[in-house]
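*Asks:* give me a 3D structure for the following:
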Amino acid sequence: MAATTAQPMGSLPSGLGICTTAPDIFYLPELVFGGLVWILVASTHVEPANPLGWVMFVSVFCFVMTFLWMIIFAAGGHRNSSGWAAADFAYHGLAAFFYLSAGVALAYITFKNKGGDLKTYRIDIAAVVFAFVATLLYFIHTILSSIRWKNF
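*Replies:* Below is the predicted model:
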């Protein structure tokens, strides 16, 4: 019989277990797509500053917080506490909401600047797509974290 490394939904993983459990497997894709939004928006001229400043804040904030969250979970700093399961649900829900608002703002600005430089327009389109992919990843992580929190 094969050994299984999957943990029950009512416990929080630590170590390399974060790479094999349902909600925590999304940490790396969230970092990749969030980092791509950060890089793509930063590589263009940030005009107008207000909505794109929000997009930059969301991408940098979520990248840093997700990285710290992943390190805390990998190090076992949560000590399998139900409070951490609730915080995991709350953080990822907030991040999904932030990325949704940033994606909509970025899509609006991209649509509005359609007649400008073609290279910048294509970079902005890629950033919009990656922002909505990041939104989807954070939303799926939120749903799976809520199920884990409920079963805790």
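*Asks:* can you tell me how far the spatially most central residue of the chain is from residue 117?
*Replies:* Taking C-alpha atoms, centre = their mean, the centroid of the chain lies closest to residue 30, which sits 4.0 Å from it. In this view, residue 30 and residue 117 are 30 Å apart by C-beta to C-beta, to the nearest Å. C-betas here are computed from N, CA, C, even on glycine.
*Asks:* again with residue 95
*Replies:* 31 Å.
*Asks:* higher neighbour count, the two?
*Replies:* More crowded of residue 95 and residue 117, by other C-beta atoms under 10 Å: residue 95, with 25 against 12.
*Asks:* which helix or strand contains the more buried one?
*Replies:* Taking DSSP states H and E as the definition, residue 95 sits inside helix 82-112.
*Asks:* next SSE downstream of that helix?
*Replies:* Next along from helix 82-112, by DSSP H and E: helix 118-150.
*Asks:* so what's residue 73 up against?
*Replies:* 12-14, 18, 24, 27 (C-beta atoms under 8 Å, 6 or more residues apart in numbering).
*Asks:* 6 Å - rerun?
*Replies:* residue 18 (C-beta atoms under 6 Å, 6 or more residues apart in numbering).
*Asks:* host element of it?
*Replies:* Applying DSSP H and E, one finds residue 73 within helix 49-75.
*Asks:* for that helix, buried residues please.
*Replies:* Under the neighbour-count criterion of 16 or more other C-beta atoms under 10 Å, helix 49-75 has 51-52, 55-56, 58-60, 62-63, 66, 69-70, 73-74 buried.
*Asks:* widest-spaced pair of the residues you listed?
*Replies:* Greatest spatial distance in the buried residues of helix 49-75: 51 and 74, 34.4 Å, computed using C-beta to C-beta.
*Asks:* residue 70 against residue 27, yeah?
*Replies:* Yes. Judged on C-beta atoms under 6 Å, residue 70 makes contact with residue 27 at a distance of 4.4 Å.
*Asks:* next one: the closest residue to residue 75 other than its chain neighbours, what pLDDT does it get?
*Replies:* Among residues not flanking residue 75 along the chain, residue 14 sits closest, at 7.0 Å (C-beta to C-beta, 6 or more residues apart in numbering). On pLDDT, residue 14 comes in at 80.
*Asks:* lovely, talk soon.
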